[in-house]
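Student: Based on what follows, work out the 3D shape:
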Amino acid sequence: QVQLVESGGGLVQAGGSLRLSCVASGGTFSNYAMGWFRQAPGKEREFVAALSRFGTNPRYEDSVKGRFTISRVNTKNTVYLQMNSLKPEDTAVYYCAAGSTSFVYWGQGTQVTVSS
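Tutor: Okay, here's the model as predicted:
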């Protein structure tokens, strides 16, 4: 069973930056693709970014392309989401996810709030 713990959320002004981290335990981290999702109040959870288990083929939701960067360090069992040029519409709870063919393991989430 893989456990995922996110950190790095907080309150930031529009145009600012945050870096989210997600540390995995209980499994072989390098076996899993990793992803970030978010859920804003009153909305469904949506895909943000994903990265293969080798750290290749990053994918992004269209609204974050050019602003967010996903990366991973397998020796640290950690995946990151660098978020720049944040907008109020980025406000959400951000979740880390892991899986082989689909995302089956999820963290508890970290709140990101962007003020205008």
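Student: so the residue at minimal distance from the centre of the chain is in which element?
Tutor: What sits nearest the mean C-alpha location of the chain, by CA atoms, centre = their mean, is residue 36, with 3.0 Å. Applying DSSP states H and E as the criterion places residue 36 in strand 33-39.
Student: For that strand, name the packing helices and strands.
Tutor: Contact partners of strand 33-39 among helices and strands, from 3 or more CB pairs under 8 Å, 6 or more residues apart in numbering; DSSP states H and E: strand 18-25, strand 46-51, strand 68-73, strand 78-83, strand 92-99, strand 103-106. The C-beta positions use only the backbone N, C-alpha and C, and glycine is treated the same way.
Student: Swap in 10 Å and give it another go.
Tutor: Strand 33-39 is packed against strand 18-25, strand 46-51, strand 59-60, strand 68-73, strand 78-83, strand 92-99, strand 103-106, with contacts defined by 3 or more CB pairs under 10 Å, 6 or more residues apart in numbering; DSSP states H and E.
Student: Which is the succeeding secondary structure element to the last one?
Tutor: Beyond strand 103-106 on the C-terminal side, the first helix or strand identified by DSSP H and E is strand 110-115.
Student: what's the angle from that following strand to strand 78-83?
Tutor: Counting by axes from the mean of the first three to the mean of the last three CA atoms, to 10 degrees, strand 110-115 lies at 10 degrees to strand 78-83.
Student: which residues sit against strand 110-115?
Tutor: Contacts of strand 110-115 with the rest of the structure, by CB atoms under 10 Å, 6 or more residues apart in numbering, involve 5-16, 18, 20-22, 38, 40, 81, 83, 86-96.
Student: re earlier: now the helices and strands packed on strand 33-39 in JSON lines, with mean pLDDT, mean neighbour count and distance to residue 115?
Tutor: Listed next are these as JSON lines, based on pLDDT from 0 to 100; neighbours: other CB atoms under 10 Å; distance: least, CB to CB, whole Å:
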{"stretch": "strand 18-25", "mean pLDDT": "98", "mean neighbour count": "19", "distance to residue 115": "12"}
{"stretch": "strand 46-51", "mean pLDDT": "98", "mean neighbour count": "19", "distance to residue 115": "20"}
{"stretch": "strand 59-60", "mean pLDDT": "98", "mean neighbour count": "16", "distance to residue 115": "24"}
{"stretch": "strand 68-73", "mean pLDDT": "97", "mean neighbour count": "18", "distance to residue 115": "18"}
{"stretch": "strand 78-83", "mean pLDDT": "98", "mean neighbour count": "22", "distance to residue 115": "14"}
{"stretch": "strand 92-99", "mean pLDDT": "98", "mean neighbour count": "22", "distance to residue 115": "14"}
{"stretch": "strand 103-106", "mean pLDDT": "97", "mean neighbour count": "16", "distance to residue 115": "27"}
